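In: Show me how the following folds:
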Amino acid sequence: MNKIRLLFPALLLIAIVVFAEENITTLRPNQTITEEADPPSMANVLNTDIRQERNYPMQPPIIPHKIRNYQVDLNTNKCMSCHSRERTQASQAPMVSVTHFMDRDGNFRAEISPRRYFCQQCHVTQSNSTPMVKNLFKDMYEVIETNKN
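Out: Coordinates of the predicted model:
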């Protein structure tokens, strides 16, 4: 009798898991969660070197060029070979913001602050890929105009 009491909940749990697995929706069209599919090919990174418009105040600028194989680790930051104070004249790249030289206590340092050293925490490259999910973002000017009416 005890074995039946233990077996019944286990079988019930297995049935629930199997049933639930069949009804899970995914972003993959016409596929169940258990099916493997070939991933879509990676979109090419935009490589225009043209500054992009920002969508909101304090938005980190996007990276308008390829950064594949850029080394950014504890010893090297390839981004700084163009964007450091000393290199912007030669490279014509914009210098990193002065906020990147500020430590967590608000003190300005001579070098990039460790908390701002890993550029891709905030800055990303862009591609001309089709979004998987519809973007409903409205920039601040669009919101202001909508609220006026």
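In: give the contact list for residue 129.
Out: Shown in contact with residue 129 (C-beta atoms under 8 Å, 6 or more residues apart in numbering): residue 43. C-betas here are computed from N, CA, C, even on glycine.
In: Just the pLDDT for it.
Out: Per-residue confidence (pLDDT) for residue 129: 84.
In: ok, so what distance separates the closest residue to residue 51 other than its chain neighbours from residue 4?
Out: Distances taken as C-beta to C-beta, 6 or more residues apart in numbering put residue 64 closest to residue 51, at 6.4 Å, once the chain neighbours are dropped. Per C-beta to C-beta, to the nearest Å, residue 64 is found 67 Å from residue 4.
In: Which one of those two is surrounded by more residues?
Out: Between residue 64 and residue 4, counting by other C-beta atoms under 10 Å, residue 64 is the more crowded of the two (15 against 7).
In: Quick check: phi and psi on that one?
Out: phi -90, psi 30 (degrees, to the nearest 10).
In: pretty sure it contacts residue 52?
Out: Yes - at 6.2 Å, residue 64 and residue 52 qualify as touching, with contact defined as C-beta atoms under 8 Å.
In: so what sits against both of those two?
Out: residue 126.
In: Spatially central residue for the chain, please.
Out: The chain has residue 124 as the residue nearest its centroid, 6.7 Å off, counting by C-alpha atoms, centre = their mean.
In: Tell me if I'm right that it and residue 59 touch.
Out: No - using C-beta under 8 Å, residue 124 makes no contact with residue 59, being 11.0 Å away.
In: How about the contacts made by the closest residue to residue 119 other than its chain neighbours?
Out: Leaving aside its chain neighbours, residue 119 sits nearest to residue 79 (4.9 Å; criterion: C-beta to C-beta, 6+ apart). Residues near residue 79 by C-beta under 8 Å, 6+ apart: 67, 70, 72, 119.
In: Thanks again, I'm all set now.
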